[in-house]
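Need coordinates for the following:
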Amino acid sequence: MKARDTNEIGRPELLNLHVKDIAPPPKHYVAQSGGIFKDMCCHDFNLARWLVGSEITSVFARGANLVEPYIKEAGDFDTVSINLAFENGALGNI
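Sure thing, here's the model as predicted:
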């Protein structure tokens, strides 16, 4: 990201990503998926690293079931909150 790398926009300090799908995944997908963290959040972690320009050093995550009972029945979460810390000192929330 040129504007970040040339310090045109300043040093990233706090990242807030809000990610929401249009609808929950289908029941048949949830039953055979790797779970929300493996299947979906891996992309959010990559985006966070790219936007901040630094590696993630710490992750704290919590999951809840607030939308679809079949997701909970499959042992997965439909809602998550993730706190990140980066090598450069920045913090992040997904």
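
Please make it C-alpha for all contacts and neighbour counts, starting now.
Will do.

So, low pLDDT: which residues of the chain?
Residue ranges of the chain with pLDDT under 70: 1, 4.

Please enumerate the helices of it.
Secondary structure of the chain by DSSP state H: the helices cover 2-5, 27-32, 36, 42-52, 69-73.

mind checking which of those is nearest Ile82?
For the helices of the chain, the distance to Ile82 is smallest for helix 42-52, at 9.8 Å, taking CA to CA.

Could you export the closest one as CSV, CA atoms only?
Provided in CSV are the C-alpha atoms of helix 42-52 (Å, rounded to 0.1, in the frame of the first residue of the first chain):
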residue,chain,number,x,y,z
CYS,A,42,-7.7,-16.6,7.8
HIS,A,43,-8.6,-14.0,5.1
ASP,A,44,-9.2,-11.3,7.7
PHE,A,45,-5.8,-12.0,9.3
ASN,A,46,-4.1,-11.7,5.9
LEU,A,47,-5.9,-8.4,5.2
ALA,A,48,-5.0,-7.1,8.7
ARG,A,49,-1.3,-7.9,8.2
TRP,A,50,-1.4,-6.2,4.8
LEU,A,51,-3.2,-3.0,5.9
VAL,A,52,-1.1,-2.5,9.1
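
Pull out the buried positions in that helix.
Neighbour counts over helix 42-52 (16 or more other CA atoms under 10 Å) mark 45, 48-49, 52 as buried.

Among those residues, which one lies nearest to Ala64?
Checking these against Ala64 by CA to CA gives Phe45 as the nearest, at 19.2 Å.

how near is the closest one to Asn16?
12 Å (CA to CA, to the nearest Å).

ditto for Ala3
Taken as CA to CA, the span from Ala3 to Asn16 is 18 Å.

residue boundaries of the strands in the chain?
Here the chain has its strands, by DSSP state E, at 14-16, 56-64, 79-86, 91-93.

what's the first-to-last distance across stretch 28-40?
Using CA to CA, the end-to-end distance of stretch 28-40 comes out at 16 Å.

Give me the buried positions along that stretch.
In stretch 28-40, counting by 16+ other CA under 10 Å, buried: 30, 35-37.

Outside of that stretch itself, which residues are in contact with it?
Identification of contacts with stretch 28-40 by CA atoms under 8 Å, 6 or more residues apart in numbering yields 71, 74, 76-78.
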